[in-house]
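Colleague: mind looking at a prediction? Sequence and model below.
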Amino acid sequence: MENFVVSARKYRPTTFKSVVGQPALVATLKNSIQTNRLAHAYLFCGPRGVGKTTCARIFAKTINCEHLTPDFEACNECQSCKSFNDQRSFNIHELDAASNNSVEDIRQLIEEVRVQPQDGKYSVFIIDEVHMLTTAAFNAFLKTLEEPPAYAIFILATTEKHKIIPTILSRCQVYDFNRIGVSDIVGHLEYVAKSENVQVETEALNVIAQKADGGMRDALSTFDQVVSFCGNDIKYKDVIENLNVLDYNYYFQIVDAMLQCDAPKVMMILDEILSKGFDGAHFVSGLCSHLRNVLVCKDEQTVKLLEVGASIGETYKAQAGKCELQFLYDALRIVNECDLRYRQSNNKRLMIEVMLIRLCQLPAKKK
């Protein structure tokens, strides 16, 4: 049986061109290579799964490439590139600071820095989760980080920039990675699905992308999970069942019932949602997001802020046409109040029901 490789590893970018969702940062790194203005220390910071370590590896591979392409990408043909691709390069050193965070570990790293590269121009030291280093280890690292040999480049990666001591920050060029947009994640998942011969509905990919919260690694892990559940034909209904996500249609039905001042129907929909095991807090935050999406559909300038698939986007626009702006403003205020007070309530279901009754009264007050 052939060993399975998870999508997050199988489809990990190997060139700047294949990096998803970080165009400005990638352009800056490529320009520094083009103009030969390489810093001796970089700090890559941002949320998990957005490409910090991946970009560090691509950067290390590219600056050691012997025959760069015209657009300053690694050639993948020279000895340096081949050794990197085979994971046997002696020019790139990785240290996991989460488990190697002592002064002794840093002293060992400093000893390695003194060794010149054998078959490349630079020795690149990638230190992941650098915020986990102890204060003593940071202090032991300061002098080397400030004045390394000409052939040494340090790339520090962290999800918690605020934990890095100022003396380290001042010695690095700082690159802030953004959360990856839903549309970018969906586009990459479509590419992965096509490569794996998986048929998938766009709405299903949108659910996965939103669940990932800006992290491509999380999105690919969730995609693998869904494929294991659904096989090679992924439907929207299967995804929301597997990921325990509340169907969009519930929120559309609730808002339609509110506009009709139909409190009993709204209460029955709530009962159905809770009986399926969904948490009340999850429902309230989801309703708040739904009302926000309806609101952004009221104006052509803000429609682009809607991060859902095309078919559901049209449904949002149709519902926005039924809702007055003041209704949406008042509804958002009421739902947000409930969201803020929910954790402190002793009778959480009653709080949600009171919120829904108040929402159903809003259209009647305008008459």
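Modeller: Sure, I can see it.

Colleague: for this structure, what spans make up the strands?
Modeller: Counting by DSSP state E, one finds strands in the chain at the ranges 41-45, 92-96, 123-128, 152-158, 173-176, 199-200, 233-234.

Colleague: let me have these in CSV, extended by mean pLDDT and mean neighbour count.
Modeller: All C-beta atoms are positioned from the backbone trio N, CA, C, and that covers glycine. CSV is the format used below for the strands of the chain (pLDDT from 0 to 100; neighbours: other C-beta atoms under 10 Å):
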stretch, mean pLDDT, mean neighbour count
strand 41-45, 90, 22
strand 92-96, 85, 18
strand 123-128, 88, 24
strand 152-158, 89, 25
strand 173-176, 89, 15
strand 199-200, 86, 18
strand 233-234, 84, 16
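
Colleague: which one of those lies nearest to Tyr329?
Modeller: Tyr329 lies closest, by C-beta to C-beta, to one member of these: strand 173-176, at 33.6 Å.

Colleague: thinking Phe223 is in contact with Ile208, fair?
Modeller: Yes - counting by C-beta atoms under 8 Å, Ile208 is a contact partner of Phe223 at 5.8 Å.

Colleague: picking up where we left off before, quick one: closest of the strands of the chain to Leu142.
Modeller: In terms of C-beta to C-beta, the element of these nearest to Leu142 is strand 41-45, at 10.8 Å.

Colleague: can you list the strands that that closest one pairs with?
Modeller: Strand 41-45 sits in its sheet next to strand 152-158 (parallel), strand 173-176 (parallel), going by DSSP bridges.

Colleague: of those strands, which is nearest Gln301?
Modeller: Shortest separation from Gln301 across the strands paired with strand 41-45 is recorded for strand 173-176, at 27.1 Å, computed as C-beta to C-beta.

Colleague: okay, now the unreliable bits of the stretch 1-150 of the chain?
Modeller: Along the stretch 1-150 of the chain, segments meeting pLDDT under 70 span 1-3.

Colleague: re earlier: now the strands of the chain in JSON lines, with distance to Leu359?
Modeller: Formatted as JSON lines, the strands of the chain follow (distance: least, C-beta to C-beta, whole Å):
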{"stretch": "strand 41-45", "distance to Leu359": "41"}
{"stretch": "strand 92-96", "distance to Leu359": "50"}
{"stretch": "strand 123-128", "distance to Leu359": "47"}
{"stretch": "strand 152-158", "distance to Leu359": "43"}
{"stretch": "strand 173-176", "distance to Leu359": "39"}
{"stretch": "strand 199-200", "distance to Leu359": "35"}
{"stretch": "strand 233-234", "distance to Leu359": "34"}
